[in-house]
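1. Attaching a predicted model along with its sequence, questions to come.
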Amino acid sequence: MTARIGVVTFPGSLDDQDAARAIGLGGATPVALWHANADLYGVDAVILPGGFSYGDYLRCGAIARFSAVMESVAKAAGDGLPVLGICNGFQTLCEAHLLPGALTRNQNLHFRNRAQWLRVESTSTVWTSGLTQGQEILIPLKSGEGCYVADASTLDALEAEGRVVARYTRDNPNGSQRDIAAVRNEAGNVVGIMPHPEHAVEALTGPSTDGLGFFTSVVAHLGAVV
Amino acid sequence: MSTTPADETSELSLRYHEGPDTVAWALETSDDDQPYAQLGLRDDEYAKIRQILGRRPTQSELAMYSIMWSEHCSYKSSKVHLRQFAEKAPSSDRLLAGMGENAGVVKISDDLAVTFKVESHNHPSFVEPYQGAATGVGGIVRDILAMGARPIAVMDPLRFGAAEHPDTARVLPGIVAGIGGYGNCLGLPNIGGELVFDPCYQGNPLVNALCIGVLPADRLQRKEADGPGNIVVLMGAKTGRDGIGGVSVLASATFDDESEHRRPSVQVGDPFTEKLLIEACLELYDRQLIVGVQDLGGAGLTCALTETSAAAGTGMRIDLNAVPLREPSMEPHEVLASESQERMLLIVAPDRLAEVLTVAKKWGVIATPIGRVTPAAEPETGRLIVTWNGEVVVDVPPESLADDGPVYNRPMREPGDLILLQADRAETLPRPKTPDELRETLLRLAASPNLCDKTWVTEQYDRYVQGNTVLAQPEDAGVLRLDDHSGLGIALSTDGNGRYARLDPGEGAKLALAEAYRNVATTGAVPVAVTNCLNFGSPEDPAVMWQFAEAVRGLADGCAELGIPVTGGNVSFYNSTGAAAINPTPVVGVLGVIGDVANRVPMGVRQDGDILVLLGETREEISGSEWAWVTHGHLGGRPPKVNLVRERILANVLTSAAKLGHLSAAHDVSEGGLAQTLVECCTRQDTGVTVALPDDLDAFVALFSETTARALVAVPRKHEKAFQALCREHGLPQTTIGVVDAQQRALEVRGQFTIPLDELKAAWSGTLPALFAAGDAAGAADATVAPGSATDPE
């Protein structure tokens, strides 16, 4: 039996179908989850997709954080459920305090969409275990509020504990502190990433297929566990 | 303090002391003066309204006629010319819906259809750049949605004044941010468009927005308000005072000093609501819960109510008090005229109403029954009757607003300066001769605002969302996958050259068509249908009207010759500042179909050793060129000659070769000539080439002439013979001019000059950031990689 990975659709979610496609290409079965329904239907992992949940009104992810499904996700994450927040999903995980720090307006003030080089910094997460430490990957970035910030002690702790999962390399597109593009929680089951690995899974539509590793990593992890 | 349109209409209401003007009151006071001229109506038009109604119109009715009979809604000056698109249209069994619908619908397989349309939002975007551009996107998306389609991509042909003019720095960043802000939030990839600078657009930038959608062929929706007794439901945002008089005041009059005070006529967009509206509508369509649907755009409820009932030959009884309002103090004529965004009108059978309201609630969208469809027979006799506080404020035959507006055969005269302008040929201008001069000219053109790298703009748009973007700007055409399994896809390009059209509007329109057609074929897709946005000055100026008539004739003839029908479009008049009209600017969009997107051909060369073949013939055609403008500030002579027979042959060769895998890259030759084509082919994948110009041509002409029906292709060596045979078979002239040289990372024109790619890229990509990114803190982008261009990370 293949792993079942849930994708939450909030009002305003945009990359939910793309995440579902990537899950399929990664070898698992996507399961649609709905923001107003707290039931996770026993999925083995959850992805919070990109988009503008609730119009990103107030702050990005600030309203999504209070949705019914997020209560279940937060609880399950505490119990070790693998959770990946992409872009708006990363913002939501920060708002929900499942990850430290916050995503703020890009330093150049503009929405920026580009194929972005990242360096993989940590493979001790269920989402990056199949990648190689130090590997450079090319993943689409598309966001207006992707500038990662946290206070100095938090950043120092993230570095010391190896919780920076990926950094921007060659160029910092949004002014993120210490070039941080992705972080994880202490346990390594919750990862937030600003660029979109689900848009780098097919040579035809992506700048690379480097994103597939995130999905095959969690599938391998789940296969080993299940 | 100047008078805004909102003020004008409020003054109106003060004339009636007993609250809103009613039909009963109008009958009693039929001789009262009415301020119809302030609302843009002519004496004879007002007289016709009185004749239709047999009394003076109420204030609400007057507002409705003034907007529905405005140039923008009624096409009163353009109608007599636009008929040619239908009359001359080549027969096509693909067309499911054509001119006159919200958007044309083209069948592309047994069960899939595509709908696409381009529209202008020029004046609102000048007055309030961000919201004007954002709501331009929102409006065209609802047109596509109304046909039953899921919107899947947008494109934005943009034109601004001189790049270095201070006002361009005011409007451009806002317009770009508005297009991005709205489209990105809807999850629509932006796959192409244009960015053109010319001083003629200084006081009147052009913001055209194109949307494309896909639908199962049997999900096509109708706008007809059929079935007396059916319920009229308004779904989406609440109605506010924004955008009142947008179509009559902003879109149907020339700009003047008052224009800055017209900001209240610009609508304000909320893309989040539109996203929910899209999902709600699609669920209603899929569950077959509605009878008819119409979007609310220009002219708001007035347009939607009259068009849906007129189309069905029915009437309606509407209780305006039921319309959810943002401001409770709104008066009936304001509710009817409001252009508040993100609203759709649904026609629903009574037994489906509860389900419709449940779907709306699921998506968090307000849906409200506001009336019912009435029969054409007695006693209602197919009239649109609107009540407010129990009193009738509107009682009109809907077709008198929707279909029977005035039609004008405006006087036309060739512009007085055209003969002199055409005699002033650019072929006589001093030219670069030495290799150094040619090298410098190439770099100068590559760095010029119209030819330079547009990344600073396009990186503000999401091109990846929905995961089906196979090619996006700066490729020749945007290419989208529609079917994961078969690989069936579509290609789309928009083009237009106002300078060519200024020199010859008829040929200019054909040139726009030819370029868009060629661009689509260059990616490997077969062109099948056309949309257009005709941006012109005031129709009351006979010279402009002549340009318009010529352009329509040229485009209709061109489509007939290429065998692809016009499926819809939009006319934008009054693009002028004071007496100075813009260059006539027909923007043409061409849709193509590609059987398997895996066969698409990108523009960037990358494979070492591939041979470079120039397809077509090069003549000395310098007039109207980018070179003449950039180096001499010159516009004169005649534009390049159109050769649609040759364009067809070229397209056939390109699409056949793509299918057979003969091409590793292809790029059309247009503005800037072969020189610019080489620049773009090299910079795209950061790969060099070595070329030798043909011996029989002057080097300057070979590099900078803008002769049409040409393309540069890269052919892997093992395909060389087969490809050359294919060209011969079609009778297409071909010249092998060089080879892809991945080692040397330079553009080398043998015997002339060599430009290292780093130097070329620095010149090409520095222009827009230097002009518009003054406030940007983060470094300039260096992203030349795009969808469909998967590169080896090494």
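-> Yep, it's here. Numbering: from 1, shown residues only, chains lettered A, B, ... in the order given.
2. correct me, but B:Phe160 touches B:Val171?
-> Yes - under the contact definition of C-beta atoms under 8 Å, B:Phe160 touches B:Val171, with a separation of 6.7 Å. To be clear about C-beta, it is placed using only N, CA and C from the backbone, and glycine gets the same treatment.
3. Next, show the common contact partners of the two.
-> Between them, B:Phe160 and B:Val171 share the neighbouring residues B:Pro205, with contact defined by C-beta atoms under 8 Å, 6 or more residues apart in numbering or on different chains.
4. Do any residues in stretch B:591-602 lie close to chain A?
-> Yes - against chain A, stretch B:591-602 shows contacts by C-beta under 8 Å from any C-beta of the partner chain at B:597-598.
5. what about that stretch, how long is it end to end?
-> Between the opening and closing residues of stretch B:591-602 there is a gap of 17 Å (C-alpha to C-alpha, to the nearest Å).
6. and it, average pLDDT?
-> Mean per-residue pLDDT for stretch B:591-602: 98.
7. cool, and stretch B:672-685?
-> Per-region confidence: stretch B:672-685 scores 97 on mean pLDDT.
8. Next, see if that stretch gets close to chain A.
-> No - with C-beta under 8 Å from any C-beta as the threshold, stretch B:672-685 lies outside contact range of chain A, at a closest distance of 11.6 Å.
9. How far does that stretch sit from its chain's centre?
-> Between the centre of stretch B:672-685 and the centre of its host chain there is 26 Å, according to C-alpha atoms, centre = their mean, to the nearest Å.
10. how much distance is there from stretch B:299-318 to the middle of the chain?
-> The chain centroid and the centroid of stretch B:299-318 are separated by 26 Å under C-alpha atoms, centre = their mean.
11. List the buried residues of that stretch.
-> Neighbour counts over stretch B:299-318 (16 or more other C-beta atoms under 10 Å in any protein chain shown) mark B:299-312, B:314-318 as buried.
12. Any figure for the gap between B:Asn450 and B:Tyr201?
-> In this structure, B:Asn450 and B:Tyr201 are separated by 12 Å, where distance is defined by C-beta to C-beta, to the nearest Å.
13. do the same with A:Phe10
-> When distance is defined by C-beta to C-beta, A:Phe10 is 40 Å away from B:Tyr201.
14. got it, and B:Thr631?
-> Using C-beta to C-beta, B:Thr631 is found at 21 Å from B:Tyr201.
15. More neighbours: the two, which one.
-> B:Tyr201 (27 against 20; other C-beta atoms under 10 Å in any protein chain shown).
16. Is it correct that the more buried one is in contact with B:Leu158?
-> No - the pair formed by B:Tyr201 and B:Leu158 falls short of the contact definition of C-beta under 8 Å, at 9.4 Å.
17. For the lengthiest helix in chain A, buried residues please.
-> The longest helix of chain A (DSSP state H) is helix A:212-225. Applying a neighbour-count criterion of 16+ other C-beta under 10 Å, one finds A:212-222 buried in helix A:212-225.
18. any idea how far that helix is from the chain center?
-> 15 Å.
19. near chain A at all, stretch B:452-461?
-> Yes - using C-beta under 8 Å from any C-beta, stretch B:452-461 reaches chain A at B:458-461.
20. What average pLDDT does that stretch get?
-> Rounded to a whole number, the mean pLDDT of stretch B:452-461 is 96.
21. B:Val106 belongs to a strand?
-> Yes - counting by DSSP: H, G, I helix; E, B strand; the rest coil, one finds B:Val106 located in a strand.
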